[in-house]
Structure formats: structure tokens, C-alpha cells
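*Asks:* Provided below are the primary sequence and the corresponding predicted coordinates.
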Amino acid sequence: MCRKRCHSGDVGCALNETQTIIFQLIALPSIPFLPRPLILTSMRAVAPSGGTFHTDYAILEGNEQGRFDILKGQGVGSLRLARPIAGPLDLELRVLMRIHLSLDTRVRYTATSDHLAILHVIVSQYDF
């Protein structure tokens with residue numbers, strides 16, 4: 001995981017809302033029959049105590065065939081394989097978790113932070 005650390009005076013860095021980038025490798029066999037979606041990995045939002053938050057999740061790249069979706073829970077987004085998949089296949093997915101944190105209910109101040117997961121999915125030609 002890479003965390004953003006801006007040097008003083010670096011305006012471009014300070015204005016970029018991406019706080020973390022996570023790299024993950026997922027190896028799968030070919031799955032010719034999928035009776036229900038299969039959870040591959042999850043992203044969990046963590047917020048300081050006293051604040052309330054909600055999260056949005058999006059697959060930004062790599063899902064042109066519609067093989068994947070995201071199951072949204074309370075502060076958790078789970079990337080799922082939604083359709084059968086056959087290999088050999090090499091995919092790169094970019095999944096975004098955006099956290100909207102409400103820090104003060106009187107002023108209604110909201111901070112937004114982005115967290116990017118870059119997932120390398122390798123699918124074997126074999127189903128075992």
C-alpha cells in the first residue's frame with residue numbers, strides 16, 4: 001500500500017484527493033459455471049470516531065466485459081466475479097473507494113478522500 005505524503009508547497013499533491021493506492025494480485029482458475037457471484041476481495045473504510053461517513057465504489061477500468069461487480073455494505077465494498085470466466089486471461093482492474101466524511105453536523109463540513117485499488121487478475125486456462 002502506498003500512502004500520500006505531500007511536501008509543503010506541493011499544491012498539486014494537496015489538491016489530489018487520492019490518499020492511498022493498493023496493489024493486489026488475484027489468481028483464479030477458469031470458472032465455467034458460476035451459480036452465484038464470488039467475492040474476490042474487499043475494501044473497508046475506516047473513519048475517526050465522532051464522524052459519520054458514507055462510501056461510494058466504482059470499477060474505473062478493466063471491466064469492459066462486465067465480469068465483475070461491487071457489493072456495497074456498511075463501509076465495505078466487495079469486488080465480485082459476477083459471470084463465468086475462462087482463461088488464459090490477464091486483466092488489470094482499477095477500483096475506487098470514495099469516502100465522504102461528515103466531521104461536524106452543525107457546520108455540515110464534509111471531507112472526501114479517494115482510495116484506489118489496482119488489481120492484477122490472472123485466470124488460468126485450467127479449472128483447477
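*Replies:* It's in. Here the structure is a predicted model, which means the values were calculated and not measured.
*Asks:* neighbours of Leu93, how many?
*Replies:* Counted with other CB atoms under 10 Å, the neighbours of Leu93 add up to 21. (C-beta placed from N, C-alpha, C; glycine too.)
*Asks:* Thr41 now?
*Replies:* Thr41 has 16 nearby residues by other CB under 10 Å.
*Asks:* strands along the protein, start to end?
*Replies:* Listed in chain order, the strands of the chain (DSSP state E) span 2-3, 18-28, 38-44, 52-61, 68-72, 76-81, 89-104, 109-123.
*Asks:* got these as a markdown table, with mean pLDDT and distance to Gly9 columns?
*Replies:* Below are the strands of the chain laid out as a markdown table (pLDDT from 0 to 100; distance: least, CB to CB, whole Å):
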| stretch | mean pLDDT | distance to Gly9 |
| --- | --- | --- |
| strand 2-3 | 82 | 19 |
| strand 18-28 | 93 | 19 |
| strand 38-44 | 95 | 31 |
| strand 52-61 | 92 | 30 |
| strand 68-72 | 97 | 37 |
| strand 76-81 | 96 | 34 |
| strand 89-104 | 89 | 25 |
| strand 109-123 | 90 | 21 |
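*Asks:* figure out which of these is closest to Asp10.
*Replies:* Set against Asp10 and scored by CB to CB, the strands of the chain come closest in strand 18-28, at 13.8 Å.
*Asks:* looking at the strands of the chain, which one is packed in the most?
*Replies:* Among the strands of the chain, strand 76-81 has the highest mean neighbour count (mean count of other CB atoms under 10 Å), at a mean of 20.
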